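Q: Sequence plus predicted model, see below.
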Amino acid sequence: MTTIEAMEQTTLGAGLDVLQLGKPAGMHSHVWKGLSEKFLNGEPKVIGVVQILAALMILSLGTIIITVLDTFYNTESISFGITYPCWGPVVYIISGALSIAAGIKTTKGLVQSSMGLNIASSIVALFGFLSSVGRLHDLSFDYHICRHSYMSGQCLQSMAISMGIEVLVIILSLLEFCITVSLSAFGCKVTCCNRSGVMVIMPSSLPVVGTASPASLQGGLIPSAHQEKNIPESLH
């Protein structure tokens with residue numbers, strides 16, 4: 001009885017060890033390959049190139065805006081929001097380069113870095129969009145003031161150019177926001193929503209060991225009195 005119970009505990013313990021530790025060596029790489037395909041479905045290389053091109057366009061437009069505004073305003077009056085087209089594209093270029101790198105070599109570190117920087121870029125794009133909208137409103141007010149200026153012709157022309165550039169910056173900032181949110185979402189599908197935990201591998205069949213009752217032991221393992229009579233005397 002004691003021997004059977006010990007065998008049962010050993011077998012069940014071995015079965016639990018299989019459930020907890022049964023993990024093939026190549027399973028992790030196979031799972032990561034499936035997750036990386038989800039990230040590649042977002043076309044990070046193509047979108048990263050578009051992100052960098054849009055950033056370069058914003059940077060060139062920002063240079064024109066600063067040049068035009070410097071003609072009619074003092075340097076001290078140029079605020080942090082106005083200079084967004086100059087420093088914002090730097091963030092976009094870095095995040096776009098990381099997205100391209102993550103698309104070429106899809107490692108967990110590159111995907112996480114790309115996702116983190118794209119989240120930061122989406123915040124920058126939202127700030128740039130709002131600041132450009134506010135700046136466009138201010139330029140429309142300055143446009144009416146230019147009519148009463150002694151340099152009304154040149155002032156109106158400069159304000160019209162600045163307003164047109166601000167509209168382009170708004171469109172490109174909105175594009176950057178959509179790009180960064182999209183890349184962040186695909187990166188989150190890999191790193192956030194599918195965290196690698198303990199993988200449990202269920203074996204096809206577990207050995208089932210029943211508990212033998214005393215009655216079955218007496219009837220099946222211990223010979224009865226009738227069977228004992230038939231045992232040769234040499235075996236006693």
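A: Cool, got the structure. Residues are numbered from 1 along each chain as shown.
Q: Helix or strand with the lowest mean pLDDT in this structure?
A: Within the chain, judged by mean pLDDT, DSSP states H and E, the helix or strand with the poorest mean is helix 2-21; its value is a mean of 46.
Q: Show me the helices in this protein, by range?
A: Using DSSP state H, the helices of the chain run over residues 2-21, 27-40, 44-72, 84-104, 108-146, 152-191, 214-216, 225-229.
Q: What mean pLDDT does the shortest one get?
A: The predicted model assigns helix 214-216 a mean pLDDT of 50.
Q: same check, this time on the last one
A: Model confidence over helix 225-229, given as mean pLDDT, is 51.
Q: Also the longest one?
A: Throughout helix 152-191, pLDDT has a mean value of 86.
Q: Save the helices of the chain as CSV, and put in mean neighbour count too.
A: Backbone N, C-alpha and C define where each C-beta goes, glycine included. Conversion of the helices of the chain to CSV gives the following (neighbours: other CB atoms under 10 Å):
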stretch, mean neighbour count
helix 2-21, 12
helix 27-40, 14
helix 44-72, 18
helix 84-104, 22
helix 108-146, 18
helix 152-191, 19
helix 214-216, 10
helix 225-229, 8
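Q: residue contacts, Leu98?
A: If a contact means CB atoms under 8 Å, 6 or more residues apart in numbering, then Leu98 has Gly48, Leu110, Ser113, Ser114, Leu117, Asn118 as its contacts.
Q: mind redoing it with 6 Å?
A: Contact analysis of Leu98 by CB atoms under 6 Å, 6 or more residues apart in numbering lists Ser113, Ser114, Leu117.
Q: so what's the closest residue to Ile119 other than its chain neighbours up against?
A: In space, and not counting its chain neighbours, Ile119 is closest to Ser184: 5.0 Å by CB to CB, 6 or more residues apart in numbering. The contact partners of Ser184, taken as CB under 6 Å, 6+ apart, are Met115, Asn118, Ile119.
Q: Now Gly42: phi and psi?
A: Here is the backbone geometry of Gly42 (degrees, to the nearest 10): phi -80, psi 0.
Q: pretty sure it is touching Phe186, no?
A: Yes: judged on CB atoms under 6 Å, Gly42 makes contact with Phe186 at a distance of 3.4 Å.
Q: Show the average pLDDT along stretch 112-125.
A: The average of the pLDDT scores along stretch 112-125 is 92.
Q: How about stretch 57-69?
A: Stretch 57-69 shows a mean pLDDT of 84.
Q: Check what pLDDT Arg147 gets.
A: With respect to pLDDT, Arg147 scores 70.
Q: likewise Lys105?
A: At Lys105, the predicted lDDT confidence score is 84.
Q: repeat for Ser204
A: At Ser204, the model reports a pLDDT of 49.
Q: swap in Glu37?
A: At Glu37 the predicted local distance difference test score is 73.
Q: The one 3 residues further on now?
A: According to the per-residue confidence, Leu40 scores 76 in pLDDT.
Q: quick one: it from Ser99, how far?
A: Leu40 sits 11 Å away from Ser99 when distances are taken as CB to CB, to the nearest Å.
Q: for His137, same thing?
A: Distance from His137 to Ser99, counting by CB to CB: 33 Å.
Q: ditto for Ser182
A: Taking CB to CB as the criterion, Ser182 is separated from Ser99 by 10 Å.
Q: Equivalent analysis for Phe141, please.
A: Look at Phe141 and Ser99: by CB to CB, they are 39 Å apart.
Q: try Pro85
A: Distance, Pro85 to Ser99, by CB to CB: 21 Å.
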